[in-house]
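**Student:** requesting a structural model of the entry that follows:
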Amino acid sequence: MGRAKQVADLITSARLLLGLGLVYLGWSRGAAGIEPAVWIMIVNWTGDCMDGPIARRSRPFYHTWVGDHDLEIDMAVAAGLLGYLTLSGFIDFRLTGAYLFVSGIVFWRVGIPPALGMLFQAPIYGWFIWVAIHQAPSSGWCLPAWILAAIVLTWPRLPREILPGFLAGMRQFLTGSKEERHSPRRAG
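**Tutor:** Sure thing, here's the model as predicted:
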């Protein structure tokens, strides 16, 4: 009983290790590691799409520390990708420092509302996709293709739950509403 939740937590934990692997890849291979970084991110994003649905299959449903911190793990992976981009010379150290400093102040002041946590990741992923397409087009184009496939596969859930949840969270953050600001994004 609960094996589905254990599998989901294992996938989520493995994703955290992938984020650390990205930092190592940037340190050890620099810009030459762009193609492996693309495939690491595809594996990571696939795991991120799988862990929630797997966790929701667990009966009885229960919370775990890993599942309750999925957003923070997502952000840690994005930070690992930022580390890769910086160590590889695709982003200046000063820009990375400023981004992390400003983000840290915002999160310290307001916590990590789910929508803001997702917004933290967006510029990092966007820059990585742009860099990958320009530096390694044969694998770089797999990133937007993967995103398109994920949209198609999650389509019923995307417009009904994910997008409205993100927009409501951003609205709450921007209007200063503290209700449900810190509610978990999802189980898993």
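**Student:** so which residue is smack in the middle of the chain?
**Tutor:** Asp74 (3.6 Å; Cα atoms, centre = their mean).
**Student:** does that residue touch Gly117 like I think?
**Tutor:** Yes: between Asp74 and Gly117 there is a contact under Cβ atoms under 8 Å: 7.0 Å. Every residue, glycine included, has its C-beta placed from N, CA and C.
**Student:** hang on, the earlier thing: who touches the residue nearest to the centre of the chain in this structure?
**Tutor:** Asp74 is in contact with Arg15, Asp48, Gly117, Met118, Gln121, counting by Cβ atoms under 8 Å, 6 or more residues apart in numbering.
**Student:** quick one: Thr64 from Glu35, how far?
**Tutor:** To Glu35, Thr64 is 34 Å away according to Cβ to Cβ, to the nearest Å.
**Student:** tell me the helix or strand right after the lowest-mean-pLDDT helix or strand in the chain.
**Tutor:** Ranked by mean pLDDT, DSSP states H and E, the weakest helix or strand in the chain is helix 157, scoring a mean of 82. Remark: after helix 157, the chain's next helix or strand is helix 163-175, criterion DSSP states H and E.
**Student:** got the buried residues for that next one?
**Tutor:** Of the residues in helix 163-175, Gly165, Gly169, Met170, Gln172, Phe173 count as buried by neighbour count, 16 or more other Cβ atoms under 10 Å.
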